[in-house]
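> Below are the sequence and a predicted model; questions follow.
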2 protein chains.
Amino acid sequence: MDTDFDSALHEAGLRATAGRVAVLEVMESMAHTDAERVYRAVSEVLPTTSIQSVHNILADLTTAGLLRRIEPAGSAALYERRIGDNHHHVVCTRCGAVGDVDCVVGEAPCLTPSSAGGFTVQTAEVTFWGLCPSCQNAAQ
Amino acid sequence: MDTDFDSALHEAGLRATAGRVAVLEVMESMAHTDAERVYRAVSEVLPTTSIQSVHNILADLTTAGLLRRIEPAGSAALYERRIGDNHHHVVCTRCGAVGDVDCVVGEAPCLTPSSAGGFTVQTAEVTFWGLCPSCQNAAQ
DNA sequence: GCCGTTCTTTTGAGTAATTCAAAAGAACGG
DNA sequence: CCGTTCTTTTGAATTACTCAAAAGAACGGC
């Protein structure tokens, strides 16, 4: 079953190593995870790995386009497997939980700045801030 | 001339200390600066200060609503004096330069997620990524 | 104007997340 | 199967920031 990941890695120009396959595997079942949690999950199947290797692998997979990296204010960097669509995120201001937002109403035109001071804009990133369901309950 | 800042601080429930006034002063002439640059500017007028104090002051002024803090991915936290409007930012992917974006075309409706997975959304933050004028030149 | 309470800053240490670098080890094309 | 090249390991370093205790400054009341 590693073959899927092997070929994905090869197509991205990367060698199919045990560490990379293991990271891709655990990312299948985790959304918006930081390096530490990936490291703990990978350690169970590949005990010789280190947190530095995981950082290295996550960086390689991100630049190869196999993962996406987000950095919400106040959190460590988070990685997600869902790529290719430019979806957005909701972050809980209380606990830091992250959810996906498929799209914003109005879509593309919204993401055009009215004036960007001479910058050429390539992408737009939207982060919504609010309370996740369980923090809504905790706050009554 | 400190009186403006003094009363602003008092109205925010903070004491008007030399450090806080100096930070507000230098922030007038700097947009999107990190703690280190604020520290260097404040040091010239208040040599006894420390980077920790500057961090502390910036945090106090931010929670008091006198400054706004942004954390673009890949940069240290940046502070800006422009508050009260919810404007957005353009960040240069090459050099990290930051510009203000007054508003996005389409405005309010754009900033409503189509579905937020049970999160209650309070604010939306938009970050545009692209190249600043001088990096456009550097890349020809 | 002085005083005491309370808020701030200073000083120094500590932390988290990440990066860097050199040497050992694994992939893969030939 | 072998050698080159890419990866991981190991260990140290860095950046940006937070924490905490003691010294110092603001400001309201007298």
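The structure has been received and is ready for your questions. Numbers count the residues shown, from 1 in each chain, chains lettered A, B, ... in the order given.

> Stretch A:41-58 and chain B, are they touching?
No - using C-beta under 8 Å from any C-beta of the partner chain, stretch A:41-58 stays clear of chain B, coming no nearer than 14.1 Å. Backbone N, C-alpha and C define where each C-beta goes, glycine included.

> Stretch A:116-131 too?
Yes - Stretch A:116-131 lies within reach of chain B by C-beta under 8 Å from any C-beta, at A:116-131.

> Among those residues, find me the one that's closest to residue B:101.
residue A:116 (5.8 Å; C-beta to C-beta).

> so who does the closest one touch?
B:90, B:99, B:101, B:128, B:130 (C-beta atoms under 8 Å, 6 or more residues apart in numbering or on different chains).

> does any bit of the helix of greatest length in chain A sit next to DNA strand D?
Determined from DSSP state H, the single longest helix within chain A is helix A:51-63. Yes - counting by C-beta under 7 Å from any atom of the strand, contacts between helix A:51-63 and DNA strand D involve A:52, A:53, A:56, A:57, A:60.

> hmm, who's touching that helix?
For helix A:51-63, using C-beta under 8 Å, 6+ apart, the contacting residues are A:12, A:14, A:19-20, A:23-24, A:35-36, A:38-39, A:42, A:67-69, A:79.

> got the residue ranges for the strands in chain A?
Taking DSSP state E to define them, one finds strands in chain A at A:33-34, A:68-70, A:78-80, A:88-92, A:98-101, A:120-131.

> so what strands line up beside the shortest one?
If you go by DSSP bridges, strand A:33-34 pairs up with strand A:78-80 (antiparallel).

> Taking chain A, what residue is nearest to DNA strand D?
residue A:53 (3.0 Å; C-beta to the nearest atom of the strand).

> Check the burial of that residue by counting its neighbours.
Neighbours of residue A:53 under the rule other C-beta atoms under 10 Å in any protein chain shown: 17.

> if I look at it, how far off is DNA strand C?
Noted for residue A:53: a distance of 8 Å to DNA strand C, by C-beta to the nearest atom of the strand, to the nearest Å.

> Same check on residue A:28?
Separation of residue A:28 from DNA strand C (C-beta to the nearest atom of the strand): 20 Å.

> quick one: average pLDDT of stretch A:89-101?
Throughout stretch A:89-101, pLDDT has a mean value of 93.

> what separates that stretch from the chain centre, distance-wise?
Distance of stretch A:89-101 from the chain centroid (C-alpha atoms, centre = their mean, to the nearest Å) equals 13 Å.

> end to end, how far does it reach?
Start-to-end span of stretch A:89-101 (C-alpha to C-alpha, to the nearest Å) is 5 Å.

> does any part of it sit near chain B?
Yes - applying C-beta under 8 Å from any C-beta, one finds stretch A:89-101 touching chain B at A:90, A:92, A:93, A:99, A:100, A:101.

> how close does the second one sit to residue A:17?
Think residue A:92. Distance, residue A:92 to residue A:17, by C-beta to C-beta, to the nearest Å: 35 Å.

> Ok, residue A:137 next?
Using C-beta to C-beta, one obtains 43 Å as the distance from residue A:137 to residue A:17.

> Looking at these two, which one has more neighbours?
Taking neighbours as other C-beta under 10 Å, residue A:137 and residue A:17 compare with residue A:17 leading, 15 against 9.
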